[in-house]
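1. using only what follows, build the 3D model:
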Amino acid sequence: MRPSNTSTPLHALTTLNDPTWVEAARALAQRSMKAHGNLDERLSFAFREVAARRPTENDMKALRRAYDRQAQFYAADANAAKALLSIGASRRDETLNLTEHAALASVCLAILNLDEALTRE
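-> The predicted structure is shown next:
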């Protein structure tokens, strides 16, 4: 099975909602949280793992803004955080902070969905 080549919004919606992609984002967030203690290091680690380059300052600003929005959302709705982190066959590490993990997983999903992550140039 091979994904079809497309640059339409439908492709983005598919990858953003596919359980495999969500689980991959959750696992990347978990690895990042275990490897690094502060937010900037976690975001940079996740970005480097996917894009194979260091994030620019503009990249970091966008990642921080996305994280802050997601953290605010999941802090207000723990059930949404649990629902996101329960997607997939692998179990999440319950020792990690629920809100931080969900917020970082959401940002990791966005990173996985970047054009430079999805296409080979």
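2. contacts, neighbours, all on C-alpha from now
-> Fine.
3. and the residue most central in space within the chain, its phi and psi?
-> Nearest residue to the geometric centre of the chain (CA atoms, centre = their mean): residue 108, 1.5 Å. Phi and psi for residue 108, reported as degrees, to the nearest 10, are phi -60, psi -40.
4. residue contacts, the nearest residue to it once chain neighbours are set aside?
-> Excluding the flanking residues, the one nearest residue 108 by CA to CA, 6 or more residues apart in numbering is residue 25, at 5.0 Å. Applying CA atoms under 8 Å, 6 or more residues apart in numbering to residue 25 gives the contacts 105-106, 108-109, 112.
5. surely residue 88 is in contact with residue 20?
-> Yes - using CA atoms under 8 Å, residue 88 is in contact with residue 20, at 6.7 Å.
6. compare the two and say which is more crowded by neighbours.
-> More neighbours surround residue 88 than the other of residue 88 and residue 20, with 17 against 14 (other CA atoms under 10 Å).
7. the closest residue in space to that one that isn't next to it in sequence: neighbour count?
-> Nearest residue to residue 88 in three dimensions, chain neighbours excluded: residue 23, at 5.2 Å (CA to CA, 6+ apart). If you count neighbours by other CA under 10 Å, residue 23 ends up with 22.
8. if I look at the residue nearest to the centre of the chain, how far off is residue 39?
-> Going from residue 108 to residue 39 by CA to CA, to the nearest Å gives 13 Å.
9. so how far is the longest helix along the chain from its chain's centroid?
-> Longest helix of the chain, by residue count under DSSP state H: helix 57-76. On the basis of CA atoms, centre = their mean, to the nearest Å, helix 57-76 is displaced by 11 Å from the centre of the chain it belongs to.
10. which strands and helices sit next to it?
-> Other elements packing on helix 57-76 under the criterion 3 or more CA pairs under 8 Å, 6 or more residues apart in numbering; DSSP states H and E are helix 39-51, helix 98-112.
11. ok, 6 Å please
-> Under the contact definition 3 or more CA pairs under 6 Å, 6 or more residues apart in numbering; DSSP states H and E, helix 57-76 sits against helix 98-112.
12. now the angle from the helix it packs on to helix 57-76?
-> Between helix 98-112 and helix 57-76, the angle comes out at 140 degrees (axes from the mean of the first three to the mean of the last three CA atoms, to 10 degrees).
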